[in-house]
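J.: Sequence plus the predicted model coming up.
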Amino acid sequence: MTRMQLKDKDTYMSKAPCDPIEALNKRIDECRELLIAAGKDAVLPCADTDKKYLKTNNLLKAISRAQNQFIANVKERELFGELLDTLLPLTESEYGFIGEVFYTPEGKPYLKEYALTNIAWNDATRALLEEHSKTGLEFKNLNSLYGAVLTTGKTVISNRPSEDSRRCGLPHGHPPLNAFLGIPFYFSGRLIGMVGLANRPGGYDQNIVDYLEPLISTCSNIIQAYNNDKGRKSAQEALIKSEATLEHAQHIAKLGHWELDLVNNRLEWSKEIFHIFNLDPDEFKPSYDGFLDVIHPDDRERVNKAYAESVKTRSPYDISHRLLMKDGSTKYVVEKCATQYSDDGTPLRSLGTVQDITERRRNDEQMAKIEKLESLGVLAGGIAHDFNNILTAIMGNIHFARTAENEEQRRKILSQAEKAALHARELTQQFLTFSKGGAPKKKTVLLADFIKSHVEFSLRGSNVSAVFSIDSGLLPVEADIGQIGQIIYNIAMNARHAMPDGGTLRITAANVEITEGLFADLRGGKHIKLSISDSGSGMTDEVMTKIFDPYFTTKSDGNGLGLSSVFSIVKRHEGHIEAESKPGHGSTFHVYLPASTVKAPVLETQRDAITYCGGGRILVMDDEPMVREVTAEILLKEGFEIVCVENGAQAQDTYTAAKAAGRPFDAIIMDLTIPGGMGGKETIKRLLKIDPDAVAIASSGYSNDTTMSEYEKYGFKGAVAKPYRIHELITAVKKALAARSRQTAVK
């Protein structure tokens with residue numbers, strides 16, 4: 001390779017390898033070729049040839065040493081310092097510098113020196129050099145000879161600096177500048193640094209530039225290699241920091257991530273998942289089977305099925321489940337997963353997260369308990385208030401009845417007392433309804449006509465009009481028709497109160513298909529959707545959060561039990577209710593009830609009257625003396641012979657003895673709950689063994705007991721809820737005895 005070939009920077013740069021290490025190795029080879037070519041082409045006298053060999057050999061040594069120092073991880077300032085120390089005698093220069101080019105945010109270039117000849121001429125300059133001995137000085141004055149290199153990107157040769165228009169002048173005391181050479185460093189066509197030399201005897205020329213070209217190229221490659229190394233280290237440090245930050249963040253959030261390679265069946269977990277699962281990374285190798293083993297046995301099949309279904313349907317999944325720890329404790333987690341597929345649909349890998357929500361769940365449960373206690377406090381106060389009012393009315397009327405002047409006045413007063421007692425019964429029923437009580441007596445029913453009649457009844461006497469839109473083929477539902485009536489009545493009355501000056505109530509009922517997971521409390525499948533919308537003033541968000549709370553009301557004359565009862569009834573019918581409202585835009589309640597697959601029966605006409613007219617012997621079992629006395633008095637006046645007992649054991653003995661004596665009881669009324677004794681449910685089992693035809697009627701003040709709603713399943717022939725009115729008790733007894741009479745007649 002000849003010197004002329006090395007002159008063309010553009011030609012050289014276009015062929016230069018982009019990797020700085022590869023470029024360094026190539027430069028060593030080129031310099032060796034240069035040394036050989038110099039020996040072959042020499043036509044100079046022997047002394048000149050020896051001098052040329054020596055200079056070229058020194059240049060090659062400098063390049064080789066620089067490369068070796070870089071490989072040995074020598075710091076930039078030390079490496080370039082030695083290069084500058086070699087470069088000065090090679091060029092017969094007095095002082096100089098080597099530096100890298102950087103850019104300001106505005107895009108202006110400046111130089112940061114890696115090597116600088118110590119030409120300090122006073123205490124201030126010596127202190128400045130000492131201060132920046134480790135970091136390097138920065139040169140930002142572009143109106144200078146070195147600035148001309150940075151701004152033009154070209155070599156600057158100035159053998160008369162004092163007369164050069166590009167000069168900036170020298171500080172007082174600065175060593176004289178008689179000649180200057182500035183050569184830029186390029187890598188892949190980009191200016192990355194420069195070398196500056198000063199005061200060569202006789203000045204500088206292109207021959208010096210050509211001679212230094214291999215070293216200049218080496219400097220370019222070394223600077224770029226250092227930058228690449230810094231970039232790799234910086235990226236590695238950033239990655240390590242990012243991973244540490246992610247790990248810390250995951251630990252704070254109790255959130256871990258995992259990746260399952262479905263092709264190679266390899267599972268990888270983050271550190272936090274090991275922490276969540278209470279597993280040691282050194283002792284446990286992640287696997288899908290190992291993951292399933294940690295899941296609570298009762299949840300394992302559900303989770304496995306959810307993942308398999310997710311992969312099959314190519315849809316992500318989000319599932320909550322429990323973990324069973326080795327110490328027997330339970331954790332709650334939320335798991336999310338998505339799977340990636342090849343172009344032909346083959347599942348490749350699944351990516352997911354696991355978050356420990358145990359603490360959050362416990363906090364939620366604790367908060368729910370607190371809120372429940374607060375609600376119970378409000379409820380207790382409301383109950384006390386309402387019942388004290390009712391008791392005041394009853395006691396007052398009883399007092400007036402004692403002092404009544406005639407029978408007609410006494411009858412009116414007692415009628416008022418009875419109304420107060422009935423109001424107490426209705427209030428008790430509402431308490432049971434919004435609580436977990438009030439088990440529905442479900443039958444397959446069609447609601448189309450029922451909805452319309454109940455809405456119209458609720459709006460009677462108001463200025464509110466109703467607009468109906470009910471599907472002609474509305475599906476039947478399994479429901480307690482009385483409780484469904486409460487839903488419609490309470491929502492309609494709520495809407496009526498929201499429109500005191502009149503308005504429109506829109507009622508729609510339609511068949512809908514609910515997809516699984518649309519509502520957390522609703523199974524997928526066919527449902528009917530009942531929507532009731534008013535044109536009232538609407539509700540605020542704050543009110544919306546409390547509308548289903550007991551004793552919460554915005555009406556001065558309300559008790560706040562209506563919508564709470566609605567909510568409880570819907571839940572016990574395995575349905576869903578939600579409300580939407582905005583101030584000034586009215587309110588809408590949506591009720592979803594599961595549709596029945598059973599065809600609704602044609603309603604039978606009610607019998608005109610209970611045909612049983614005969615007397616008989618009745619056994620009354622109740623632990624409360626007052627209830628026994630009142631029940632006996634009522635039935636005695638109807639012509640029945642009455643025997644009373646306190647508990648199931650007495651009832652069994654008395655019933656058995658009467659049957660053995662030839663004077664059997666025609667019916668027995670049994671209280672379901674006997675504190676400290678045998679109640680009605682156990683007693684009926686024993687009596688039916690003694691007498692399979694026994695006529696038993698269940699009685700209870702707590703309608704939550706499913707025995708009351710499904711009494712026939714337990715062997716009873718009827719049921720009457722406390723407190724009962726006289727005609728309700730008589731009707732229940734006569735109806736049960738009439739049914740027995742019909743069965744006897746058939747036999």
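T.: Cool, got the structure.
J.: what ranges do the strands span in the stretch 401-550 of the chain?
T.: Ranges of strands in the stretch 401-550 of the chain, per DSSP state E, counting those that start in this stretch, are 443-445, 464-470, 477-479, 503-514, 525-533.
J.: Hmm, residue 524 and residue 518 touching each other?
T.: Yes: contact criterion CB atoms under 8 Å: residue 518 and residue 524 qualify, at 7.5 Å. All C-beta atoms are positioned from the backbone trio N, CA, C, and that covers glycine.
J.: Run through the stretch 251-400 of the chain and note the low-pLDDT ranges.
T.: 368-383, 385-386 (pLDDT under 70).
J.: What are the boundaries of the strands in it?
T.: 255-261, 266-269, 317-324, 330-341, 347-356.
J.: and of the strands of the stretch 401-550 of the chain, who's closest to residue 250?
T.: strand 503-514 (36.2 Å; CB to CB).
J.: quick one: average confidence on stretch 597-604?
T.: Taken as a whole, stretch 597-604 carries a mean pLDDT of 62.
J.: can you list the strands of the stretch 401-550 of the chain in a markdown table and add mean pLDDT and distance to residue 270?
T.: Listed next are those as a markdown table, based on pLDDT from 0 to 100; distance: least, CB to CB, whole Å:
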| stretch | mean pLDDT | distance to residue 270 |
| --- | --- | --- |
| strand 443-445 | 85 | 53 |
| strand 464-470 | 90 | 54 |
| strand 477-479 | 88 | 48 |
| strand 503-514 | 91 | 37 |
| strand 525-533 | 92 | 39 |
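J.: Tell me which of those strands sits most buried.
T.: strand 477-479 (a mean of 23; mean count of other CB atoms under 10 Å).
J.: chain center to it: distance?
T.: Remark: strand 477-479 is offset 34 Å from the chain centroid, using CA atoms, centre = their mean, to the nearest Å.
J.: so which of the strands of the stretch 401-550 of the chain gets nearest residue 150?
T.: Nearest to residue 150, of the strands of the stretch 401-550 of the chain and by CB to CB, is strand 503-514 at 72.4 Å.
J.: about what we covered before: for residue 90, which of the strands of the stretch 251-400 of the chain is the nearest?
T.: Nearest to residue 90, of all those, is strand 266-269, at 56.5 Å by CB to CB.
J.: Let me see the contact set for residue 354.
T.: Contacts for residue 354 (CB atoms under 8 Å, 6 or more residues apart in numbering) come out as 255-258, 273, 276, 333-335.
J.: Nearest to residue 203 among those residues?
T.: Nearest to residue 203 out of those is residue 257 (CB to CB; 66.8 Å).
J.: Distance of that closest one relative to residue 290?
T.: Residue 257 is 17 Å from residue 290, where distance means CB to CB, to the nearest Å.
J.: Neighbour count: the two, which is higher?
T.: Applying other CB atoms under 10 Å to residue 257 and residue 290 shows that residue 257 carries more neighbours, namely 17 against 14.
J.: wait, doesn't the more buried one sit right on residue 268?
T.: No: Residue 257 is not in contact with residue 268 according to CB under 8 Å; the separation is 9.1 Å.
J.: Residues that sit against both of those two, list them.
T.: Overlap of the contact sets of residue 257 and residue 268 (by CB under 8 Å, 6+ apart) is empty.
J.: Need the contact partners of stretch 107-119.
T.: Residues from elsewhere that reach stretch 107-119 (CB under 8 Å, 6+ apart): 76-77, 79-81, 83-84, 88, 94-104, 125, 129, 136-140, 142, 146, 150-151, 174-175, 191, 193-194.
J.: Would you mind pulling the contact partners of stretch 648-668?
T.: Stretch 648-668 is contacted by residues 616-621, 643, 645, 670, 674, 677-680, 682-683, 686-687, 690-691, 694-697, 717, 733, 736-737, 740 when judged by CB under 8 Å, 6+ apart.
J.: Tell me the buried residues in that stretch?
T.: Buried positions in stretch 648-668, judged by neighbour count with 16 or more other CB atoms under 10 Å: 648-652, 654-655, 664-668.
J.: In strands, which of the residues you listed fall?
T.: Judged by DSSP state E, the buried residues of stretch 648-668 include 667-668 as members of strands.
J.: Out of the buried residues of stretch 648-668, which two sit at the greatest distance?
T.: Farthest-apart pair in the buried residues of stretch 648-668 is 649 and 666; separation 21.4 Å (CB to CB).
J.: quick one: average pLDDT of stretch 81-101?
T.: Stretch 81-101 shows a mean pLDDT of 88.
J.: So what would you say the end-to-end distance of it is?
T.: 17 Å (CA to CA, to the nearest Å).
J.: what's the distance between it and the middle of its chain?
T.: With CA atoms, centre = their mean as the basis, the mean position of stretch 81-101 lies at 64 Å from the chain mean.
J.: Ok, stretch 248-260 next?
T.: 15 Å.
J.: For it, give me every contacting residue.
T.: Outside stretch 248-260, the residues within contact range by CB under 8 Å, 6+ apart are 266-276, 286, 288, 349-357, 359.
J.: What residues sit buried inside that stretch?
T.: Neighbour counts over stretch 248-260 (16+ other CB under 10 Å) mark 250, 254-258, 260 as buried.
J.: Likewise for stretch 99-116?
T.: By neighbour count on 16+ other CB under 10 Å, the buried set for stretch 99-116 is 99-101, 109-116.
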